[in-house]
Structure formats: structure tokens, C-alpha cells
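*Asks:* Prediction below, plus the sequence it came from.
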Amino acid sequence: MPTPLALLNLIHDRKKFLTSLAGVSFAVLLMFLFTGFQNALYDSQTQLLEQFNGDIVIINRLKENMFVPRSFARRRLYQAQAFDGVEAAYAVYTSDARWKNPETKATRPVRVIAYNPADPVLPMAEVLAYQRQLTLPNTALIDRRARAELGPREAGVVTELADRQIQIIGTFALGTDFAAGNGNLIMSDQNFLRYFADRGPEEDERSFATADIGVLKLAPGTDVDRLVQTLRQHLPQDVLVLPKDGPEGFIRRERTYWEENTNIGFVFSLLTAMGFVVGIILVYQILYTDVADHWSEYATLKAMGYGNGFLFGVVIQEAMILSVLGFIPGFLISALFYNLAAGVTGLLFVMTLGRIVNLYIATFMMCLISGTIAVRKVQRTDPAEVFGL
Amino acid sequence: MSAVPVQPVSPGAASPGAASPGAEISVQVQTLDYFFGQGDLRKQVLFNINLELHRGQIVIMTGPSGSGKTTLLTLIGALRSATTGSLRVLGQELVGLGNRQLVEVRRNIGFIFQAHNLFESLTAAQNVEMAVELTGNLRQKRQRATAILENVGLGDRVDYKPAALSGGQKQRVAIARALVNQPQLILADEPTAALDKQSGRDVVTLMQQLAQEQGCTILMVTHDNRILDVADRIINLVDGRLESDTNPQQFVEAHTVKSLDHNMFVM
């Protein structure tokens, strides 16, 4: 085995080596945090949609994103139910309402999600457990991951929602998004009517004649895309029929809306790019110092008959070692920060394998670019100059 | 310009340069000029150098600073490319060779510098092994490095890093590194300049001994008068021209205080 010159040069000075690793880890941390926030903002927009228990979604054609309060005629769901393969059609009602924090008495907007508790629309174990209790009047479940501004998020809280008394009988875990305001409540469709059927002249009147989101549960083995085509052909044009998943699906559409209509992507991509550049500069400094410190030794190697390729290899190996050893602590600290940030914001911070791999590739590129810049110094080394130094 | 027929004795070389008939020629320099810089700044540093080094000789090159000694050494060492005249090193014409071919030539030459230039991060053995690896002989590199380190008297320091070695010991590791591949030509630039008298003496004695064992030619640039006696031949370079080519006795006689004249104080 050839002498591992790159590794030995790097770790020779322990203190300097640890500082170098800390530098790389910091750049990795910056990139993880910024991409983390970006993904969290996008992922959070769709976390409710992911939970819907069905394969096809029907919405008002004008409901461009979850913010738009457009509902559609509920009879479309009955019409849809007539088609082969549709096992059930659930109506979901949503509305924004003011919630009074029982402690500070300040009101905050929340989103109410309502459906017939007999239907497993949101098949989360905690929600299903409250199926019966939700049928009691003026009751709701609150999201434990709603923002702290709402006050205590626990069973037993009694406060006001849309100026009516409400009793919290249980909790679930979902998380917030832009359309949810400070958090989500789940209640029965009957209770939804109690709160929103008549909120006064300035608010929309709600009834069972219209629904906000229709979720179609299909029989196993049904061809989703074909059924979507059939429904589109046969249902009136006031509704939009979308598969829930897939590139043309409801979830993807919501995510695309936020990606293309907000500056989130630009801002966080810029910040990530800055983390990347900071990393390049840091790693370049480290490698350049190594080359400068060992200049006459490298020149001696060249005099002995080592070519530029070998020296290039040494510097690039150093870059690779830094990228691997710097990435690991950077990743671990980032994972910790993700947990903290998720706890504070209620946003969804997910560390998927794909994202880890992507960021490792970015770190690798970062070190490779720095290495390539630093190596030019070694390649210019003129071995003749070592004589007479 | 290239392939000048090999002459048994070059005209410039007097008695000490002329080795016994049939001795191999390691280095043959003929009508070599060398310039630094380009255009108006072009400056000639070597003028019509003619020189032959025979196998097994130890040749010391002296001369005031700026006389072109190091330039000549780096040309012979294939570290710079010559463009005029003829420069044959170990049977290979260097004039007109490309960079890649020069690197190949350098693998057959051992270099020793004023500074030891050892990697602080590598042990003595690993530093020497870096040279063995050039030959592609990875399996025996450890044995060969240990063997040569024993030869230079560092058998008990094989796994020490340079920081734990004295100046003389470090220079001996550097010599071991230069010699481990048994090169036929060794080029040394002030190898004793950074050493005290005793270490310097040890280092040159070692070089002399190894040169005899391996039959290699040594060309050494030095100002160190204490080591002139190891030379078979001393060449003196002044202002880019070969001024004299003598043996040590003649050289010492020519440079004793008796022969001082006012010219020596004109700098």
C-alpha cells in the first residue's frame, strides 16, 4: 500500500486538523440549516394533504391552493360515488376562525378541519380514538404541534372559538403551515355547522351543501389515472379532479404553488449557496496552508520524479478526507438542530436519505473545487527552486 | 544541436578529469549556454560549459554565489530544460526533452538538498519509502527503507519522525532517501551547510562510502572547505564559466592565503 501521505499530512498537527474539521462541519451545518428551512416550509404545506385517506381529491376549480376559501357543491361527491371503483367519498370542511388563548385572552387565527367523525378521513390513531367523543356538541381536538401562541395545547382546555365556547377533548400531532395560521383543530361536521353556519353578515355562511375538499377512497386495485380521466369527463366543469399523489397530483400541485409563487426558494437557495461558498473558502485556506507549509517537501517529491498527477492526487485526497470527516459531525449537529427547530416552529423538518446524499455531494463538490484551486499552487512548484533555498 | 559524438576526453578537462581509459561517462556537457529571462531581460548565466563526469567520481563544484553553480546542477538534474549545446546524463540526451521525459530522467538521480525537506508527518522509514514507491516496488519498500537506514547508521531511528531526530540524523535520512533506489548519479547542494562540523563530516564520509559501494557519481555544490578532501576533483565556476578543474591538493594550494591578491577583495 502506498504511504497515505495525504492523510498523514492532514492529521499530523492534531489541533490544526480539528480546527479544519470544525470549519468544514460549520459549512455543512449552514447548508443543512438553510436547505432544512426551505424544505420544512415546503414539506409543511403538504403534511395535512398527505394524511387524507384516499387516492383522488376533488376541489373547486378556483381553489388554486389551500389558502383560497372556495368550496364546491357536495353533490359532486355523490355523483362521483356512482362510478365504479369509488368506495367512499368524504367531504372535508375547512375554515379559518379566531381562537382565544385561554391564558392571555388574545385571539389568534387557527384552521378548523371538519368531517363526519364516522369516516376515517384522517386515519391517525389518536384522531380515530376520539371518533365518538367528537360527536358531542362544541368539542374539538387540538394539534399539539400548533404554535405556543394558542396557549396550552392539551385536553380539558375550555375557551372560545369564533366567539363560541369550545371544549378541547384531546390532541393529535400534525404541525403548522402557511394556510393553518397558528395551528389546526379537528371537529365533527355537525360542530362545524354550529360554529360556521351563521357567523354574521360579514362572513360566509356555511352549510352541508358545499364542501372544501372531497376525498375519494377507491376500491383496491383501481386504476387511479383512468378513474381520474373518467371523472373529469363526466363531472361538471366547476370541480377539479386530481389524483392525490404523483407528478400531476394534488400534493405536488400545492407544493409547486409555494415553490413558484413565493421567494422561499430564492432566499434559501441564496443562503445555501453562501454556505457553500464559505465552505470553499475555508477548505481552500486549509489546503493552501498545507501546500504552503510543505512547499519544499512537495518540490522535493517533484525533483525525485513524482509527477504533477501525484501531487494533484494528494491535495484532492486531502479534500476528500476533509469532506467525509467534516460531513459526519456537521450532519449530526444538523440533526440536533432540526429537532430543536421543529419543536419551536411546528414546521416539518425531515432528514431524508436523498437530502443527506445531496448535501454530501455538495460538500464533496465544495472540497473538490477548493482542492482544484489549491492544487494549482503545487503544480506551479518549480523543483529547481528547491536548490539554493 | 543534439547527439554530439562522445569524445573520450573533453578538451577542457585537464589531468584530474581524465579518468582511466574505458571508464563510463555519467555526465557529459558540451558547449552548453543557458539564459534566464526573456526579451530585454534575457541574461546569460552559463557560457560554453564543457564537462565530463566519470562513473564513481566525487566532484565538488565551488564558486562565488551567482556564478551559476546551482543552475548547472539543476540542468544536469533535469530540473530545468537546456536548449543549446549538448547535455547527456546517464546516456540520455536532455536537450530538447519534454517535461514528462525529464521527470523520468530524474527518477534515476538522487537529490540531496541543504534543507533535509523531510515530511514532518512521516517517519524516517516512510520518508524513504516515498522514494521506493517511485519504482513501483510496494511489497519490499519497508525492507529496503530499513536496510538503507541501517546503512546510514539510523537502524534504531527507523520509526522516528523528523521532529525527534537531530539535524545530522535528518540529513542522513535525506541521504538514505536519495540513495535507496541506487541511483547512478547523486546531485547535492550544500548538504553540510546546516550541520555542525562533526555531523557534516559524518555526512560526507557516508556519501563517499556509499558512492564507492554503489559505484555512483556524486556532483556536490559546496562552500564548505572542511569537506573538500573527499573530492576526486574540484571544479570552480566563476561568472558562468568553468574557471578551473583540478584535484583537491592543487585547489588548496591555489587558494591558500599565500596567493591572496587584491582581486579577491573586489566584490
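*Replies:* Nice, thanks for sending it over. Residues are numbered from 1 along each chain as shown, chains lettered A, B, ... in the order given.
*Asks:* And the helices in the stretch 151-267 of chain B, which stretches?
*Replies:* In the stretch 151-267 of chain B, helices defined by DSSP state H, counting those that start in this stretch lie at B:167-179, B:197-214, B:248-254, listed in chain order.
*Asks:* If you count neighbours, what's buried in the longest strand along chain A?
*Replies:* Taking DSSP state E as the criterion, chain A has its longest strand at strand A:86-100. By neighbour count with 16 or more other CB atoms under 10 Å in any protein chain shown, strand A:86-100 contains the buried residues A:86, A:88-97, A:99-100. Yep, even glycine has a C-beta here, placed from its N, CA and C like the rest.
*Asks:* follow-up on the earlier one: so can I have CSV of the helices of the stretch 151-267 of chain B showing mean neighbour count and mean pLDDT?
*Replies:* Shown next, in CSV, are the helices of the stretch 151-267 of chain B (neighbours: other CB atoms under 10 Å in any protein chain shown; pLDDT from 0 to 100):
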stretch, mean neighbour count, mean pLDDT
helix B:167-179, 25, 90
helix B:197-214, 17, 83
helix B:248-254, 15, 72
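*Asks:* Identify whichever of those helices lies nearest to chain A.
*Replies:* Judged by CB to the nearest CB, the one of these that comes nearest to chain A is helix B:167-179, at 7.8 Å.
*Asks:* Now for the closest residue to chain B within the stretch 1-150 of chain A: which residues touch it?
*Replies:* Per CB to the nearest CB, A:H12 is where the stretch 1-150 of chain A lies closest to chain B, at 3.4 Å. When contacts are counted by CB atoms under 8 Å, 6 or more residues apart in numbering or on different chains, A:H12 touches B:120-121.
*Asks:* again, only using 10 Å
*Replies:* A:290, A:293-294, B:119-122, B:161, B:163 (CB atoms under 10 Å, 6 or more residues apart in numbering or on different chains).
*Asks:* Need the buried ones from the residues you listed selected in PyMOL.
*Replies:* In PyMOL syntax, the buried subset of the contacts of A:H12 is picked out as below (16+ other CB under 10 Å):
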select buried, (chain A and resi 290+294) or (chain B and resi 119+121+122+161)
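*Asks:* could I get the helices of the stretch 151-267 of chain B as TSV with distance to chain A?
*Replies:* Below are the helices of the stretch 151-267 of chain B laid out as TSV (distance: least, CB to the nearest CB, whole Å):
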stretch	distance to chain A
helix B:167-179	8
helix B:197-214	17
helix B:248-254	22
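*Asks:* so who does A:L161 touch?
*Replies:* With CB under 10 Å, 6+ apart, A:L161 has these contacts: A:97-100, A:107, A:110, A:112, A:138, A:140, A:167-168, A:185, A:187, A:191, A:195-196.
*Asks:* And B:N50, how far from chain A?
*Replies:* According to CB to the nearest CB, to the nearest Å, B:N50 and chain A sit 22 Å apart.
*Asks:* Which positions within the strand or helix carrying that residue qualify as buried?
*Replies:* For B:N50, the element it lies in under DSSP states H and E is strand B:43-54. By 16+ other CB under 10 Å, the buried positions in strand B:43-54 come out as B:45-46, B:49-54.
*Asks:* do stretch A:175-194 as well
*Replies:* A:175-177, A:179-189, A:191-192.
*Asks:* quick revisit: could you export the helices of the stretch 151-267 of chain B as TSV, including distance to B:L228?
*Replies:* Formatted as TSV, the helices of the stretch 151-267 of chain B follow (distance: least, CB to CB, whole Å):
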stretch	distance to B:L228
helix B:167-179	18
helix B:197-214	10
helix B:248-254	5
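*Asks:* Can you tell me which of these is nearest to A:T352?
*Replies:* helix B:167-179 (50.7 Å; CB to CB).
*Asks:* And that closest one, how far out from the chain middle?
*Replies:* 14 Å (CA atoms, centre = their mean, to the nearest Å).
*Asks:* What is that helix packed up against?
*Replies:* Contacts defined by 3 or more CB pairs under 10 Å, 6 or more residues apart in numbering or on different chains; DSSP states H and E place helix B:167-179 against helix A:295-304, strand B:109-112, helix B:124-133, helix B:141-151, strand B:185-189, helix B:197-214.
*Asks:* Wait, a strand at A:Q165?
*Replies:* Yes. A:Q165 forms part of a strand when assessed by DSSP: H, G, I helix; E, B strand; the rest coil.
*Asks:* Settle this for me: it is touching A:V157, isn't it.
*Replies:* No. Contact criterion CB atoms under 10 Å: A:Q165 and A:V157 do not qualify, at 11.2 Å.
*Asks:* Pick out whichever of the two has more residues nearby.
*Replies:* Shown here are A:Q165 and A:V157; by other CB atoms under 10 Å in any protein chain shown, A:V157 has more neighbours (19 against 10).
*Asks:* Can you classify B:N137 by secondary structure?
*Replies:* Classified using three-state DSSP, B:N137 is coil.
*Asks:* Apart from its neighbours in sequence, what residue is nearest it?
*Replies:* In space, and not counting its chain neighbours, B:N137 is closest to B:R144: 7.3 Å by CB to CB, 6 or more residues apart in numbering or on different chains.
*Asks:* Only alpha carbons, please: show the helix or strand where A:R255 lies as PDB.
*Replies:* Counting by DSSP H and E, the element that carries A:R255 is helix A:250-261. Presented in PDB, the C-alpha positions along helix A:250-261 are these (Å, rounded to 0.1, in the frame of the first residue of the first chain):
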ATOM      1  CA  PHE A 250     -52.900  17.400  -5.600                       C
ATOM      2  CA  ILE A 251     -50.000  17.300  -3.200                       C
ATOM      3  CA  ARG A 252     -47.400  18.100  -5.900                       C
ATOM      4  CA  ARG A 253     -49.700  21.000  -7.100                       C
ATOM      5  CA  GLU A 254     -49.800  22.600  -3.700                       C
ATOM      6  CA  ARG A 255     -46.000  22.300  -3.300                       C
ATOM      7  CA  THR A 256     -45.400  23.700  -6.800                       C
ATOM      8  CA  TYR A 257     -47.600  26.700  -5.900                       C
ATOM      9  CA  TRP A 258     -45.400  27.600  -2.900                       C
ATOM     10  CA  GLU A 259     -42.200  26.900  -4.800                       C
ATOM     11  CA  GLU A 260     -43.200  29.100  -7.700                       C
ATOM     12  CA  ASN A 261     -45.200  31.800  -6.100                       C
END
